[in-house]
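Engineer: sequence? don't have it. structure:
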């Protein structure tokens, strides 16, 4: 049976604080108190069981045809069922409560008091168990609140005082001791320590923190004491926004959930129709009641949202925020994934990968000339050359007559020599004969001094360590991987070859990316786009599922349907696996319910199932399907990856 609607309760103060809703995202809950069931329900079930025993032993039966204990106990014990059936009639909803009410009243009408009581006890027990199960699903989300400390040590008037986290104000200094979890987002003003935030940054080692460093609520301080100036707390922290996003996703309805609700209603109609047909053919009231009782649809009606809730919670534990059930369902049917290159598959920081000189020149000579000429350049490639020369200890000189031609290169005078650095065509247009030793990977900056070619510097954007494994995993899952980038074809090809991507489109403007995605979705493909920059926002919005990197721009994250906390692409792969598993479990529940109901109704119609056995099959089957959905719920204990639920919306690394 579906979980009985209970008195709605307000979010407690802890939820209001950590979730970060202005009045409370959900002023009311429909799923009961924090224990998943009420004591009154347990007492009611026990009362019905005791009454059934009394009827079985014929205790106090003053009337020949009517059991006073049986009738009264069935009406009292079945009150929640009758009440919800009445509410469903008023609301014009066809539910299992209505069909069970018909069956119970029919059993009482023909004097099957013991049968009616046992059925009532089965239903009440099922509701208690389902309430506990759904409560566990909600607590899987609620457990995230435990990552945020409820008290903190604050420096006030020269003294350290322990205060409730809600009482901290922006600008106050919070003392973070070794081994404690950080309660606020803020900046370190003094101290030196290492903070465990691997799931955010993707770095395996704790992040070193000193004055000026940024820390985030929920991360763990490992070593020394830190003094942190509070910038954001409670609902404004990255953690609070994470909880808010998950809560919103929890209450969204996926298309498959709407189908489940409709199917549950159709099953009730089918059961009632089969019961009428059975009575018309057999005139056997016990078989007719059995037909009504055996059909159960709550494995679908309750199991589907529970599976979605569990999948969203599990994805969040892996560091991925899914903004709605509709996107979870789409990920479960994914056909194609488009990757942006810079900042998504790569780190977004150009790095010198190779330096090659012509005969008679040294690497130091080449780097001194190129880095000196590029000293005043704002171009990322020029900065990469200067940074590389500095790391190697190569001295540079101030350039004179610096001139930059957009998209081609620069020329300047260094120590009286005319230095040219740029593309091959740029140097050749100035009369320089370019004779590279071999073709380089990545972007090549050719360098000439006083009209003579002296070599080249190869620069590439370093590939993320997780990118190769993610691409291989997606291909193994039969998902097409396509690289979309505005970079040159050579640069895109170098990254694609390194990652094993066989499909790519380069030199694309943002509108061209949108057109490519639109064409795919028009064909009926389920498409995901993963990006991190402002220019990716239109493509993220156009895709079936837009996925933003956690360290990307605010625009990209707002445009996205899914946000990866941090930049580990394997988190996306794991989320796709979770979404597919969720879809598979829901379909198992769908088909399982249809099979059990069809067989059960057939056996009941020919008299092979009595009402008691029909009730047992009804309850056992739907609890089995609901239990199947609970396999997606995150484990009760906090996994290491839970530290991922810390930061996403303020542009942190």
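Structural biologist: Perfect, thanks for sending it. All values derive from a computational prediction rather than experimental measurement.

Engineer: now the helices for the stretch 351-500 of the chain?
Structural biologist: Counting by DSSP state H, counting those that start in this stretch, the segments of the stretch 351-500 of the chain that form helices are 363-373, 380-391, 424-429, 467-476, 489-499.

Engineer: okay if I get those as JSON lines plus mean pLDDT, mean neighbour count and distance to residue 92?
Structural biologist: Every C-beta, even on glycine, is put in place using the N, C-alpha and C of the backbone. Conversion of those to JSON lines gives the following (pLDDT from 0 to 100; neighbours: other Cβ atoms under 10 Å; distance: least, Cβ to Cβ, whole Å):
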{"stretch": "helix 363-373", "mean pLDDT": "93", "mean neighbour count": "23", "distance to residue 92": "77"}
{"stretch": "helix 380-391", "mean pLDDT": "89", "mean neighbour count": "19", "distance to residue 92": "63"}
{"stretch": "helix 424-429", "mean pLDDT": "89", "mean neighbour count": "17", "distance to residue 92": "73"}
{"stretch": "helix 467-476", "mean pLDDT": "94", "mean neighbour count": "18", "distance to residue 92": "45"}
{"stretch": "helix 489-499", "mean pLDDT": "85", "mean neighbour count": "19", "distance to residue 92": "55"}
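
Engineer: quick one, which of those helices is nearest to residue 327?
Structural biologist: helix 467-476 (17.1 Å; Cβ to Cβ).

Engineer: ok, residues contacting that closest one?
Structural biologist: 337, 339, 345-346, 481, 498-501, 569-570, 572-573, 576 (Cβ atoms under 8 Å, 6 or more residues apart in numbering).

Engineer: where does confidence bottom out across those?
Structural biologist: Within the set of those, pLDDT is lowest for residue 346 (85).

Engineer: contact partners for that one?
Structural biologist: 461, 462, 463, 464, 467, 495.

Engineer: go on, residue 405?
Structural biologist: 422, 426.

Engineer: what residues sit buried inside whatever helix or strand residue 53 lives in?
Structural biologist: Counting by DSSP states H and E, the element that carries residue 53 is helix 39-56. For helix 39-56, burial by neighbour count (16 or more other Cβ atoms under 10 Å) applies to 41, 44, 45, 47, 48, 49, 51, 52, 54, 55.

Engineer: ok so, going back, tell me which of the helices of the stretch 351-500 of the chain lies nearest to residue 613.
Structural biologist: Of these, nearest to residue 613 by Cβ to Cβ is helix 467-476, at 46.2 Å.

Engineer: circling back to that earlier point, ok, of the contacts of helix 467-476, which come out buried?
Structural biologist: By 16+ other Cβ under 10 Å, these give 337, 339, 345-346, 481, 498-499, 501, 569-570, 572-573, 576 as buried.

Engineer: so which of those residues belong to strands?
Structural biologist: 337, 339, 346, 481 (DSSP state E).

Engineer: quick one: residue 211 from residue 177, how far?
Structural biologist: 17 Å (Cβ to Cβ, to the nearest Å).

Engineer: number of residues surrounding residue 153?
Structural biologist: Using other Cβ atoms under 10 Å, residue 153 has 18 neighbouring residues.

Engineer: from here on, call the first residue 11.
Structural biologist: Got it, first residue is 11 now, which makes that one residue 163.

Engineer: next, it: phi, psi?
Structural biologist: Backbone torsions for residue 163, taken as degrees, to the nearest 10, come to phi -90, psi 120.

Engineer: sorry, back to before: pick the one among the contacts of residue 356 closest to residue 300.
Structural biologist: Scanning the contacts of residue 356 for proximity to residue 300, where the rule is Cβ to Cβ, the winner is residue 477, at 58.7 Å.

Engineer: residues contacting the closest residue in space to that closest one that isn't next to it in sequence?
Structural biologist: With Cβ to Cβ, 6 or more residues apart in numbering as the criterion, residue 477 has its nearest non-adjacent residue at 4.7 Å, and that residue is residue 355. With contacts defined as Cβ under 8 Å, 6+ apart, the neighbours of residue 355 are 349, 473, 474, 477, 493, 505, 509, 579.

Engineer: for the fifth one, give its distance to residue 311.
Structural biologist: Put plainly, it is residue 493. From residue 493 over to residue 311 (counting by Cβ to Cβ), the distance is 43 Å.

Engineer: tell me which of the two has more neighbours.
Structural biologist: residue 311 (26 against 23).

Engineer: okay, that one: pLDDT?
Structural biologist: For residue 311, pLDDT reads 77.

Engineer: in stretch 586-603, what's buried?
Structural biologist: Result for stretch 586-603 [16+ other Cβ under 10 Å]: buried residues 586-593, 595-596, 598-600, 602-603.
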